[in-house]
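Chemist: turn this into a structure:
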Amino acid sequence: MGKLKEKECFLLDMDGTIYLGDELIYGAKEFLKKIKEKNKKYLFLTNNSSKNKGSYVEKLGKLGIKAEENEIFTSGEATTIYLNKIKKGARIFLLGTKALEDEFEKAGFKLIKERDQEIDFVVLGFDTTLTYEKLWIACDYISEGVKYIATHPDYVCPLAGRKCMPDVGSIIALIKGTTGKEPLVVGKPNKYIVDGILEKYKLKKEDLCIVGDRLYTDIRTGLDNGLTSILVMSGETNKKMLASTEFVPDYVYDSINEMIEEI
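Modeler: Numbering: from 1, shown residues only. This is a model prediction of the structure:
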């Protein structure tokens, strides 16, 4: 366990790790306080692209956690960084919430909301306002050959009481069933989100560890990108899933509360 004490920055998933729905996970505030007492850093890293950074600051604040926008990095932000490297000011058909639309417009993109227009990309985010019409238009563009990008691959978003709601991965499966095509995925576990963090915050991989509740995103991010990986069992993953996974974490804890004395 001593290796955790050597880490300088913790990349912290939020959904299922810091909170479930609108409920703070026991020990979360104490865990964050301990990191700062040790003069270490943390970044809230989430694949949930239904909210922008300001929305997360507000949500964390309501849960009693004071956070700054610079301490939050989302798959939505990672997607804007990636797309701006390819084509600044691109015309995008976005399946996303108002919060994600605002983030894309702030990053300089032109959002197109009608069918039969000239666009550069279809971007699929975690759209809790999704309508059949938006989905249909997206499928038409993708079928016609427009480049297709997804913010992240998560199949479900965990909620309190071990419940969940459909997430981007489930919609990717639906779109594939219609178009036969799959997107380039930016968020965890892919390199694009890690590269964005390293570049923006001037960090080194050896100083980082990633903490999360999902094997195929959080833990795989560590495995695929050379980061120490820590699984917490407070979200999506259960013991049966852990026993059969190919994505074996470096450390496993019931929750971040158990990590307080290890860092």
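Chemist: wait, residue 164 touches residue 213, no?
Modeler: No. Between residue 164 and residue 213 there is no contact under C-beta atoms under 8 Å: 11.5 Å. Yep, even glycine has a C-beta here, placed from its N, CA and C like the rest.
Chemist: between the two, who's got more neighbours?
Modeler: residue 213 (25 against 18; other C-beta atoms under 10 Å).
Chemist: ok, now which ones touch the more buried one?
Modeler: Shown in contact with residue 213 (C-beta atoms under 8 Å, 6 or more residues apart in numbering): 13, 15-17, 158, 231-237.
Chemist: between residue 164 and residue 213, which contacts overlap?
Modeler: With C-beta under 8 Å, 6+ apart, residue 164 and residue 213 have common neighbours 158, 236.
Chemist: for the stretch 1-150 of the chain, just list every one of the strands.
Modeler: For the stretch 1-150 of the chain, the strands defined by DSSP state E, counting those that start in this stretch cover 9-12, 19-20, 23-24, 41-46, 72-74, 91-95, 110-111, 121-124, 147-150.
Chemist: enumerate every residue touching residue 42.
Modeler: So residue 42 contacts 9-12, 32, 35, 71 (C-beta under 8 Å, 6+ apart).
Chemist: same list, these, but as CSV with neighbour count, distance to residue 127 and pLDDT please.
Modeler: CSV is the format used below for the contacts of residue 42 (neighbours: other C-beta atoms under 10 Å; distance: C-beta to C-beta, whole Å; pLDDT from 0 to 100):
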residue, neighbour count, distance to residue 127, pLDDT
9, 18, 31, 96
10, 24, 29, 98
11, 29, 25, 98
12, 26, 24, 97
32, 22, 30, 97
35, 19, 33, 97
71, 20, 25, 97
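Chemist: now the residue nearest the centre of the chain: how far from residue 218?
Modeler: Centroid-nearest residue in the chain, with C-alpha atoms, centre = their mean: residue 47, separated by 1.1 Å. To residue 218, residue 47 is 9 Å away according to C-beta to C-beta, to the nearest Å.
Chemist: next, show the common contact partners of those two.
Modeler: 13, 188.
Chemist: okay, and residue 200 sits in which element?
Modeler: In this assignment (DSSP states H and E), residue 200 forms part of helix 191-201.
Chemist: same check, this time on residue 230
Modeler: Assigned by DSSP H and E, residue 230 falls in strand 228-232.
Chemist: and the helix or strand just after that strand, what's buried?
Modeler: Once the chain leaves strand 228-232, the next helix or strand it forms, by DSSP H and E, is helix 239-244. Neighbour counts using 16 or more other C-beta atoms under 10 Å place residue 242 of helix 239-244 among the buried residues.
Chemist: next helix or strand past helix 239-244?
Modeler: According to DSSP H and E, the helix or strand after helix 239-244 is strand 251-253.
Chemist: next, the distance between the ends of stretch 231-240.
Modeler: 14 Å (C-alpha to C-alpha, to the nearest Å).
Chemist: averaged pLDDT, that stretch. What do you get?
Modeler: Stretch 231-240 carries an average pLDDT of 94.
Chemist: likewise for stretch 186-194?
Modeler: Stretch 186-194 comes out at a mean pLDDT of 95.
Chemist: re the thing from before, residue 56: which of the strands of the stretch 1-150 of the chain is closest?
Modeler: Closest to residue 56 of these, according to C-beta to C-beta: strand 72-74, at 4.9 Å.
Chemist: please name the strands paired to the closest one in the sheet, noting orientation.
Modeler: strand 41-46 (parallel) (DSSP bridges).
Chemist: tell me the angle the partner strand makes with helix 191-201.
Modeler: Comparing the axes of strand 41-46 and helix 191-201 via axes from the mean of the first three to the mean of the last three C-alpha atoms, to 10 degrees yields an angle of 140 degrees.
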